[in-house]
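Participant: Show me the folded form of this:
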Amino acid sequence: MRSLSSVTVVAILALSGPALAQARPQAAPDAPQQAAPPAADEDSDAEAAFEAKGEAFRKSMETMASEMQAAAAQGDKAKAKTDLDALQARYQIETDAFAAEMQTFAAAQGVPADQMAAAATQIKSIPAMVRAQVEQAAAAPAPAPAQPQ
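Facilitator: From the prediction side, this is the model:
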């Protein structure tokens, strides 16, 4: 079964990356700088560290999707709901933390907080979106087997 949620996670992370780059304020060439900017090495180290966190988060969300798919596929619907509730709650903590880290990172990079609010909201909604997709897929009737000709 193809994981629909992986596409969602990748899309959100792909959108938030360019948002950081585009939203970073650029000083006018002739404008005096108020404070010395961080050294390029510090910027690249911070970006590399955040990219690593983003990759770990993406992998975690793929794991969550797989776990939710397995939970939704079980025959006992009451147990499936209980398991999905637990998975959503467990991963919600992680998504909230990652969204907060992203906002902190963006602020350190000079991105206004209000510009990252939409991306943070999207990230926080991943567990609910994945669960909805998984439940929808589990409720869909199975395709009829191909009839031999």
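
Participant: The longest helix belonging to the chain - what's its average pLDDT?
Facilitator: The longest helix of the chain (DSSP state H) is helix 40-73. Across helix 40-73, pLDDT averages out at 88.

Participant: Quick check: next helix or strand after it?
Facilitator: helix 77-108 (DSSP states H and E).

Participant: Return the set of buried residues in that following helix.
Facilitator: Residues of helix 77-108 classed as buried: 80, 83-84, 87-88, 91-92, 94-95, 98-99, 101-103, 105-106 (neighbour count, 16 or more other CB atoms under 10 Å). To be clear about C-beta, it is placed using only N, CA and C from the backbone, and glycine gets the same treatment.

Participant: which one of those sits closest to residue 148?
Facilitator: Ranked by distance to residue 148 (CB to CB), the buried residues of helix 77-108 are led by residue 80 at 33.7 Å.

Participant: before we move on, back to that, between all of the buried residues of helix 77-108, which two are at the greatest distance?
Facilitator: 80 and 106 (37.1 Å).

Participant: which residues of this structure score low on pLDDT?
Facilitator: 1-42, 142, 144, 146, 149 (pLDDT under 70).

Participant: repeat that for 80
Facilitator: Along the chain, the parts satisfying pLDDT under 80 run over 1-43, 112-115, 141-149.

Participant: buried ones in the longest helix of the chain?
Facilitator: Those would be 50, 54, 57-58, 61-62, 64-65, 67-69, 71-72, for helix 40-73 by 16+ other CB under 10 Å.

Participant: Out of the residues you listed, the closest to residue 126 would be?
Facilitator: So of those, ranked by how close each gets to residue 126 (CB to CB), first place is residue 61, at 5.9 Å.
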